[in-house]
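A predicted structure for the sequence below; I have some questions about it.
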Amino acid sequence: MKMTQLVKVCMMVAMVAIVFAVYPSSSYGQGTSSTNGAMDPANPPVSYYNAAKGYAIAGAIVLDEPGGTTNVALSEEALASNTTGSANTASGYATLYRNTTAFNNTASGAYALSNSTGGNANTASGAYALNTNTAGYGNVASGYTALYSNLGGNSNVASGVNALYYNTTGSSNTASGYDALYVNTTGSYNAASGVNTCTNVVNGSNITCIGAGAGPPSDIPGPATYIAGIYGAATRGSGNPLVCIDSTGLLGTSGCASLGKSDAQSALIQQQQEQIQVLQKQNAEFQQRLARLESLIEKK
């Protein structure tokens, strides 16, 4: 073996010995395990940092507080107050900042769920989403300041900037679109789909708004349904069937009454209207033939 190769081999052996002397763990990136499964803060391997708060793996601080497990904080001040909360994931500055005992929460975006203390199974995606939530559970907020003011409302779904922004204790609401159900505070079981839908609903419940701008002009108790683009809009063609709704809210065209008349009367009226349309068409054709005949007679 050449002298240069021998020197290289010796240097490699020396470096390996130094590494194992400084980091004696069984495998790279693994520290000494504690009783609760966490890495030993006193002896973090080189791939970890910020041992005072937890452990960082490729930039992710993995928290394993006393009594809590499988919490992941990916940003500064995330899950800073956690004590026994478990299975939480926080990504963004100060996300889940005040969480102490809650579990199964996911927060993504600066200050998302930052004031939540005991609410479980919430998902907040967007800066300030579910920012003031304290005990509400099962909420989903997607968008900047979505469900921002929620305190104890449960099972709400807000998708869009400012959706359900002022909701505090209302539950089981669904808002999809910019400013949808924006000022709702205590109303429950409302559904809004579209930009600026149900924007005047404050305390009303069981109100449905579909289409941009759809909704009551002021707060109402409900139940009620508002659909944009229907009032004053003409249907295409003629002889279209009537549309009615039954006591369960089902829409349909069969079995509808017309202006308080029975189904049989409605069917008769519909049949007469169709016959009138046929007669009108035949009359138009007859007028055309008569005009041609008169034209021929004049030529002769």
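The structure has been received and is ready for your questions.

Quick one: end-to-end length of stretch 182-200, please.
Start-to-end span of stretch 182-200 (C-alpha to C-alpha, to the nearest Å) is 8 Å.

Low-confidence bits of the stretch 51-200 of the chain, can you list those?
51-69 (pLDDT under 70).

Please point out which parts of stretch 151-164 sit buried.
For stretch 151-164, burial by neighbour count (16 or more other C-beta atoms under 10 Å) applies to 151, 153-164. Using the backbone N, CA and C atoms, a C-beta is placed for each residue, glycine as well.

need those residues in a markdown table with secondary structure, can you?
Formatted as a markdown table, the buried residues of stretch 151-164 follow (DSSP: H, G, I helix; E, B strand; the rest coil):
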| residue | secondary structure |
| --- | --- |
| 151 | coil |
| 153 | coil |
| 154 | coil |
| 155 | coil |
| 156 | coil |
| 157 | strand |
| 158 | strand |
| 159 | strand |
| 160 | coil |
| 161 | coil |
| 162 | coil |
| 163 | coil |
| 164 | coil |
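
Would you check which pair of those lies furthest apart?
By the measure C-beta to C-beta, 154 and 161 form the most distant pair in the buried residues of stretch 151-164, at 22.3 Å.

Which helix or which strand is home to residue 281?
In the assignment (DSSP states H and E), residue 281 maps to helix 263-299.

coming back round to it: can you put the buried residues of stretch 151-164 in JSON lines and add distance to residue 179?
As requested, the buried residues of stretch 151-164 are exported to JSON lines (distance: C-beta to C-beta, whole Å):
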{"residue": "151", "distance to residue 179": "20"}
{"residue": "153", "distance to residue 179": "18"}
{"residue": "154", "distance to residue 179": "22"}
{"residue": "155", "distance to residue 179": "21"}
{"residue": "156", "distance to residue 179": "15"}
{"residue": "157", "distance to residue 179": "15"}
{"residue": "158", "distance to residue 179": "11"}
{"residue": "159", "distance to residue 179": "12"}
{"residue": "160", "distance to residue 179": "7"}
{"residue": "161", "distance to residue 179": "7"}
{"residue": "162", "distance to residue 179": "5"}
{"residue": "163", "distance to residue 179": "7"}
{"residue": "164", "distance to residue 179": "10"}
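
from those residues, which is closest to residue 142?
Nearest to residue 142 out of those is residue 159 (C-beta to C-beta; 4.7 Å).

If that closest one is in a bridge, with which residues?
Residue 159 forms beta bridges with residue 142, residue 176, as assigned by DSSP bridges.

Now the helix holding residue 281: average pLDDT?
Mean per-residue pLDDT for helix 263-299: 80.

Next: stretch 231-251.
83.

where do the helices sit along the protein?
Counting by DSSP state H, the chain has helices at residues 3-22, 263-299.

how near is the spatially most central residue of the chain to residue 177?
The chain has residue 159 as the residue nearest its centroid, 3.7 Å off, counting by C-alpha atoms, centre = their mean. Going from residue 159 to residue 177 by C-beta to C-beta, to the nearest Å gives 8 Å.

Hmm, residue 240 and residue 274 touching each other?
No - here residue 274 does not reach residue 240: they are 11.7 Å apart, not a contact under C-beta atoms under 8 Å.

So for these two, which residue has more residues nearby?
The neighbour comparison of residue 274 against residue 240 (other C-beta atoms under 10 Å) goes to residue 274, with 12 against 9.

burial measure for the residue nearest to the more buried one when sequence neighbours are not counted, as a count.
Counting by C-beta to C-beta, 6 or more residues apart in numbering, the nearest residue to residue 274 once its immediate chain neighbours are dropped is residue 239, at 6.1 Å. Neighbour count for residue 239, taken as other C-beta under 10 Å: 9.

Look up how far residue 213 lies from residue 239.
Using C-beta to C-beta, residue 239 is found at 31 Å from residue 213.

quick one: the closest residue to residue 147 other than its chain neighbours from residue 88, how far?
Excluding the flanking residues, the one nearest residue 147 by C-beta to C-beta, 6+ apart is residue 141, at 4.0 Å. In this view, residue 141 and residue 88 are 16 Å apart by C-beta to C-beta.

Counting neighbours, go ahead and name the busier of those two.
The neighbour count for residue 141 versus residue 88, taken as other C-beta under 10 Å, is higher for residue 141 (33 against 27).

who's in contact with the more buried one?
For residue 141, the contact set (C-beta atoms under 8 Å, 6 or more residues apart in numbering) comprises 112, 122-126, 129-130, 147, 150, 156, 158, 163-164.

between those residues, which is nearest residue 285?
Distances from residue 285 to the contacts of residue 141, taken as C-beta to C-beta, are shortest for residue 163 (57.6 Å).

No further queries at this time; thank you.
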